[in-house]
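*Asks:* For reference, the sequence and a predicted model appear below.
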Amino acid sequence: MRKHLKKLMKEYNKHRIPVVLAVVVLVAGLGAYLLISTKAATPFATTEPANGAISAPATQQTDVSASGGSYVKFGSVAGSGGGGGGTGTPDAAAILAMFAPGTTGEALPHGVPSGYDWYSKANSPQMTPPATANNMNWWGQIYVDNTDIHSTNVRVEINNCQLWVLANGTWSNRQNSSAGFGGGDFTEDFSSSSGTPNFISGPTSGSTNVIPISGHNVHYWGNQGLITAPGMQAVISVCRVRAIMASSSGPDNRDTSHYLAGMGADWRKSDYSCPNNVCTAVGVGKFIKVTRDWRLAIFSTMTASQLTTLPLPPAQAFVLPDGTYP
């Protein structure tokens, strides 16, 4: 019996290695087939936000520089108010949180006294109008930053400005820039005005483009009539802005632009004047840098707590001229 077992073991050991090798090859071949058939052999280089709220489904995008020639895009995320990257529903609360009263501007405007409460940040809103001035209008302003460098061959394009009002629980677009733009070249401290800005139409439909002259800002507004807002709970004014080349044949200095944009709203009399020639602001928003990409310049009365307790503006308030969202 013992001799018979030894003989069997010898035969087993003789054939064991080839059998094991055959099994390994079979399993490896099966694994390769499954990978190829499920396209897992072409991995995606995925891009995913480090923070923010994903508000659109993931989509496959083509990019020859990515592994396998494509990557997965995880929808739009609320960003810094620019870039035009998202196509889903914007995160209104995240966008407006960046423009809430007290938020710090991205740069300081040249020539504005530091004692002005809107010099470095969005100021506190005045929700109650003066007794004789309960009409409202939106406005915007373009400054050079505190370097006082006026970038050669750069102008600021302004598009689709709107005044949205929350009253009695409902948001309404009460004013816009569809009737055109008015404005003035005011000294940077608003002590005087020296004329009308050089408004040039385009290049985008409905846009104007401007440039502040030395020592002045461009203070602009819409040519629509004033509004009243009984039952008002919140207000935002918003414009889309970007840096453009003044001449296509000149140097492209858009990436070194020193221009700033800000928004606000005023209380006025029905004849557009202000009591004692001093306009009480509903509020003044923070300054943002003007870049080659479309960005939102916003004034908002909504505080951090109101962003969680009040209805939020609709998506139309935040759409960029290219149809995307920040």
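*Replies:* Okay, I see it.
*Asks:* Please count neighbours and contacts with C-alpha atoms only from this point.
*Replies:* Will do.
*Asks:* Quick check: residue 104 vs residue 190, distance?
*Replies:* For residue 104, the distance to residue 190 equals 21 Å [C-alpha to C-alpha, to the nearest Å].
*Asks:* So for these two, which residue has more residues nearby?
*Replies:* Shown here are residue 104 and residue 190; by other C-alpha atoms under 10 Å, residue 104 has more neighbours (20 against 13).
*Asks:* Would you agree that one is in contact with residue 118?
*Replies:* No - with contact defined as C-alpha atoms under 8 Å, residue 104 does not count as touching residue 118 (9.4 Å).
*Asks:* Overlap of the contact sets of those two?
*Replies:* Contact criterion C-alpha atoms under 8 Å, 6 or more residues apart in numbering; residues shared by residue 104 and residue 118: residue 286.
*Asks:* Name the residues of stretch 226-245 that come out as buried.
*Replies:* Residues of stretch 226-245 classed as buried: 226-229, 232-245 (neighbour count, 16 or more other C-alpha atoms under 10 Å).
*Asks:* what's the answer for stretch 200-207, then?
*Replies:* Buried-residue list, stretch 200-207, by 16+ other C-alpha under 10 Å: 201, 206-207.
*Asks:* Just the ones in strands from these, please.
*Replies:* Among these, DSSP state E puts residue 201 in strands.
*Asks:* Can you tell me which of the buried residues of stretch 200-207 is nearest residue 144?
*Replies:* Nearest to residue 144 among the buried residues of stretch 200-207 is residue 207, at 20.2 Å by C-alpha to C-alpha.
*Asks:* which residues does the closest one contact?
*Replies:* By C-alpha under 8 Å, 6+ apart, the contact set of residue 207 is 157-160, 201.
*Asks:* Now do it, the pLDDT please.
*Replies:* If you check residue 207, the pLDDT there is 97.
*Asks:* Return the distance of it relative to residue 236.
*Replies:* According to C-alpha to C-alpha, residue 207 and residue 236 sit 20 Å apart.
*Asks:* How about residue 163?
*Replies:* Counting by C-alpha to C-alpha - residue 163 and residue 236 are separated by 6 Å.
*Asks:* do residue 89 as well
*Replies:* Per C-alpha to C-alpha, residue 89 is found 18 Å from residue 236.
*Asks:* repeat for residue 179
*Replies:* Noted for residue 179: a distance of 19 Å to residue 236, by C-alpha to C-alpha.
*Asks:* Distance to residue 260 added to the buried residues of stretch 200-207, as CSV?
*Replies:* Shown next, in CSV, are the buried residues of stretch 200-207 (distance: C-alpha to C-alpha, whole Å):
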residue, distance to residue 260
201, 20
206, 21
207, 17
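*Asks:* To what extent is the residue nearest to residue 238 when sequence neighbours are not counted buried, counted in neighbours?
*Replies:* Distances taken as C-alpha to C-alpha, 6 or more residues apart in numbering put residue 298 closest to residue 238, at 4.5 Å, once the chain neighbours are dropped. Residue neighbour count, defined by other C-alpha under 10 Å, stands at 31 for residue 298.
*Asks:* what's the answer for residue 305, then?
*Replies:* Residue 305 has 9 nearby residues by other C-alpha under 10 Å.
*Asks:* With residue 99 instead?
*Replies:* There are 28 residues near residue 99, going by other C-alpha under 10 Å.
*Asks:* now swap in residue 158 and tell me
*Replies:* Residue 158: 29 surrounding residues under other C-alpha under 10 Å.
*Asks:* So it versus residue 285, what's the distance?
*Replies:* To residue 285, residue 158 is 16 Å away according to C-alpha to C-alpha.
*Asks:* Equivalent analysis for residue 278, please.
*Replies:* In this view, residue 278 and residue 285 are 19 Å apart by C-alpha to C-alpha.
*Asks:* Over to residue 321?
*Replies:* Separation of residue 321 from residue 285 (C-alpha to C-alpha): 21 Å.
*Asks:* More neighbours: those two, which one.
*Replies:* Taking other C-alpha under 10 Å, residue 321 and residue 285 do not tie; residue 285 has more neighbours (34 against 18).
*Asks:* Contact partners for the more buried one?
*Replies:* 99, 101, 118, 121-123, 262-264, 298-300.
*Asks:* Now intersect those residues with the strands, please.
*Replies:* Judged by DSSP E, those include 262-264, 298-300 as members of strands.
*Asks:* And those, which is closest to residue 168?
*Replies:* Among the ones in strands among the contacts of residue 285, and counting by C-alpha to C-alpha, the member closest to residue 168 is residue 300, at 17.4 Å.
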